[in-house]
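> structure here, sequence nowhere to be found:
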């Protein structure tokens, strides 16, 4: 079984962005809004900052108290929308439950929505003329391309219908053209006989957020398994008291699946690479430059 | 085989809307922009006007020459966006090829986009919190509900990935909740071994726009077949020189499929009923009234 390592693909994206930034008139700017002190969110934000530093992007993180009110956040989003040095605005999810996430996401200027979660950007994906595409689905496609795994004409099962991964992933795979043209089945918690359905797939994308949910019985022999899940499970033997596992029972894939993205080190590194690429592309569009 | 007649379902929607309009403070207003003289488009527009007359909606059709320029149409859309008497704006498709359809559709105020084609409205469908939903997919769901055909937990194949039908249809079927929760496979021209894929489906939605493309081999015995296609084929024996056929070879379904929507008289009548319902709902939202 081939392990699909995301780190060299991420590094290649970083290298290319660093080269572009070095030749650009100014550095792209990414603003992050982090509300509260969720430990996982803090790690994600720290990794984004590190990525920016590595390739020469400006970054600015607005760390707000967990009880910050909606109006304050909307006013900050508005400021960032107008700030010429900021090309990308990222609202770190999840937000505390007293906040209206939908409204806050919709307040971001679609041109600066580097997460691709704004309704306009999701809608443009439906029309087949995407602007900014959500980072994780985009990263999955990029990684498959890197490892010469075609999706065109193949059957793909996407398990999980989240707005962040499952739905944009299936739309993207379904687009016309070489990087799409897959026949996609969207599976979820209400899919009866899930193993029979997912076994029809040449490529299986797991994005349901349940630790090690997908077992050998869900996977056709030789299938490519993309594990988007990142779950913390308690592990007293681990230094931090937990370990990270995906949505796939990785140990059961060996000698069965054709390829697997490991957790960690598979899709995860791609997400941040695509976030930074989206920020670069947003800057290019704002500057009226060429889009690559 | 059960024939799923759309006309009584449409009539029930019309009756309910007529009752609501009779009790409303003003009539909902629908504006239609028709560019050029495509014969099929003229028939569609005429039917929409008739529907409006029947239930007491105001309607206004702007008939423009085929060579009308983009700026003129955008200015008209802008006027209609501001017009308080107009709740719904419909751009009759297809537009002549010198016009930028995407830009014109995106210029319509999403609150008045009763076709559900604006990127914001398509995007809200992806987020699972739909505002206005495209008429044909909405009509298909309504008709299935009317005939007590559940979609939740069932496998559905949608053939054709258009922005008007296939893509919103699959998103709608995939939503969480009683009227969604289907496991949907999106099929298209690049799906290999199509008959094997579509035979997995309990419900098959044909929306590819190719006359009588889907045959008996594509359909599982007992499956429900929803034929969205409306194609004109030459027929010298017909009074008009053509007849209407769907995307399904209807004659081959008898004694095989469990149910079929006929063409004409199946999905077609539902589309106009949903357009008028969307216009009513748009008025309710604009007036700040309750949404039903």
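On my side now, so go ahead. This structure is a prediction, so every number in the text was calculated from the model and none was measured.
> do the host helix or strand of residue A:142 and chain B meet?
Assigned by DSSP states H and E, residue A:142 belongs to helix A:135-146. No - Helix A:135-146 lies apart from chain B when judged by CB under 8 Å from any CB of the partner chain; the minimum separation is 11.7 Å. Where you see a C-beta, it was placed from the backbone N, CA and C, and this is true even at glycine.
> paired strands for the helix or strand just after that helix, with orientation please.
Where DSSP H and E defines the elements, the next helix or strand beyond helix A:135-146 is strand A:155-159. Paired with strand A:155-159 in the same sheet, following DSSP bridges, are strand A:183-187 (parallel), strand A:203-206 (parallel).
> just the pLDDT for residue A:289.
Reported pLDDT at residue A:289 in the predicted model: 53.
> got the contact list for the helix holding residue A:142?
Applying CB atoms under 8 Å, 6 or more residues apart in numbering or on different chains, the external contacts of helix A:135-146 come out as A:4, A:6, A:9, A:12-13, A:114-116, A:150-151, A:164-165, A:168-169, A:172-173, A:179, A:203, A:205, A:207, A:224, A:226, A:228, A:261, A:266-267, A:270-275, A:277-278.
> and residue A:129, what does it touch?
With contact set as CB under 8 Å, 6+ apart, residue A:129 has these partners: residue B:102.
> so it: helix, strand or coil?
Classification of residue A:129 using DSSP: H, G, I helix; E, B strand; the rest coil returns coil.
> from residue B:105, how far off is it?
11 Å (CB to CB, to the nearest Å).
> and residue A:233, how close does it get to chain B?
Per CB to the nearest CB, to the nearest Å, residue A:233 is found 26 Å from chain B.
> surely that residue is in contact with residue A:211?
Yes - using CB atoms under 8 Å, residue A:233 is in contact with residue A:211, at 5.3 Å.
> now for these two: what residues contact both?
Counting by CB under 8 Å, 6+ apart, the shared contacts of residue A:233 and residue A:211 are residue A:245.
> who has more neighbours, the two?
Higher neighbour count among residue A:233 and residue A:211: residue A:211, with 16 against 11, using other CB atoms under 10 Å in any protein chain shown.
> gap between the spatially closest residue to the more buried one that is not a sequence neighbour and chain B?
Spatial nearest neighbour of residue A:211, excluding adjacent residues (CB to CB, 6 or more residues apart in numbering or on different chains): residue A:231 at 4.1 Å. The gap separating residue A:231 from chain B is 21 Å, by CB to the nearest CB.
> same thing with residue A:269?
From residue A:269 across to chain B, the span is 26 Å (CB to the nearest CB).
> now the helix or strand in which that residue is found against helix A:135-146, angle please.
In the assignment (DSSP H and E), residue A:269 maps to helix A:267-286. Inter-element angle recorded for helix A:267-286 and helix A:135-146: 100 degrees (by axes from the mean of the first three to the mean of the last three CA atoms, to 10 degrees).
> could you list every helix and strand in contact with helix A:267-286?
Contact here means 3 or more CB pairs under 8 Å, 6 or more residues apart in numbering or on different chains; DSSP states H and E; on that basis helix A:267-286 packs against helix A:7-22, strand A:29-35, helix A:39-55, strand A:88-91, helix A:135-146.
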